[in-house]
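**Q** give me the fold of what follows.
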Amino acid sequence: TEPCPAVRPLSFSPRSRPPALQQPPGPGAVLPSPGPFPLSRAAGDGLLSEPLGHPDFFNVKELFSMKDLFSARVHLGHKKGCRHRFMEPYIFGCRLDQDIIDLDQTMDHLQLALNFTAHIAYRKGIILFVSRNRQFCHLVESTARECGEYAHTRYWQGGLLTNAHIQFGAGVRLPDLIIFLSSLNNVFEPHVAIRDAAKMNIPTVGVVDTNCNPCLITYPIPGNDDSPTAMELYCKLFKMTIIRAKDYRKQREVFHKLQSKEEGGCARPACASRGCRAP
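**A** Residues are numbered from 1 along each chain as shown. Next up, the predicted model:
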């Protein structure tokens, strides 16, 4: 297969930054006072780099099993005549002229996709769910709403990503990850957003059936994209992963703040006046 596009690092536009960080303060400006125990630079770096040292920091492997995929009919592909040539490595076999997807490869690719999604959510990235299948519009939008992210299930106007600085202004922030629950549009052509995301170096996660082209998708997930049970499973897994990553972020922030409080609290003059002794 063709190489996938490089992953774009997370970047924050000036509009999405706090007001105090958009412009350097003047000589007579009054700086806002930080919290009582803000995170130090070392603690902030450790907060972001800590998950990178573990292969499965968020334990996404325990969210699903082979039985779950089989029960949701993820292994059922299209007819043999609709097969895309780049999907042949992911096909286990053919039964009654219907392609059967290899669930062993689906499990590996799904774990990689969920792990990457968790890292994006942990770093407070913007995640966009995209699907053009009218049957699952409500499901996709509900999933995005429940996990605090965004969804686009209507007609995709060309240039929303490539010409965003012209249509929306220079301060617009593009999504940090796009999840395609269906990589084809209503006329069974590749979704325009896949091509635009590849041009803008935006990482993508996509469910690819046997009639789809997985080349331009960063993290393809070979599986059935037509069955309602399969779509419900995908949405549930992505929602659980994003919520788990955000909860981990809150827990680690509280832990690092308490750690900073214990390390730097006794060095303050106020602590010495109260008779606080360092351990």
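**Q** where does the prediction get shaky in this protein?
**A** Judged by pLDDT under 70, the chain has its weakly predicted residues at 1-45, 264-279.
**Q** can you give me the strands in it?
**A** With DSSP state E, the ranges of strands along the chain come out as 76-79, 91-95, 98-101, 127-130, 150-152, 177-180, 204-208, 219-222.
**Q** so can I have TSV of the ones you listed showing mean neighbour count and distance to Phe136?
**A** Heads up, the C-betas are built off the backbone N, CA and C, glycines and all. TSV is the format used below for the strands of the chain (neighbours: other Cβ atoms under 10 Å; distance: least, Cβ to Cβ, whole Å):
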stretch	mean neighbour count	distance to Phe136
strand 76-79	19	16
strand 91-95	13	24
strand 98-101	19	19
strand 127-130	23	10
strand 150-152	17	11
strand 177-180	27	12
strand 204-208	26	11
strand 219-222	26	15
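**Q** and the end-to-end length of stretch 82-95?
**A** Chord length of stretch 82-95, first to last residue, is 14 Å (Cα to Cα, to the nearest Å).
**Q** contacting residues around that stretch?
**A** 1, 75, 77, 80, 99-103, 105-106, 208-215, 222 (Cβ atoms under 8 Å, 6 or more residues apart in numbering).
**Q** now do 7 Å
**A** 1, 77, 80, 99-102, 105, 208, 210-215, 222 (Cβ atoms under 7 Å, 6 or more residues apart in numbering).
**Q** now stretch 63-78
**A** Contacts to stretch 63-78, defined as Cβ under 7 Å, 6+ apart, come from residues 91, 98-101, 103, 106-107, 114, 209-211, 223-224, 227, 229-230, 233, 237, 240-241.
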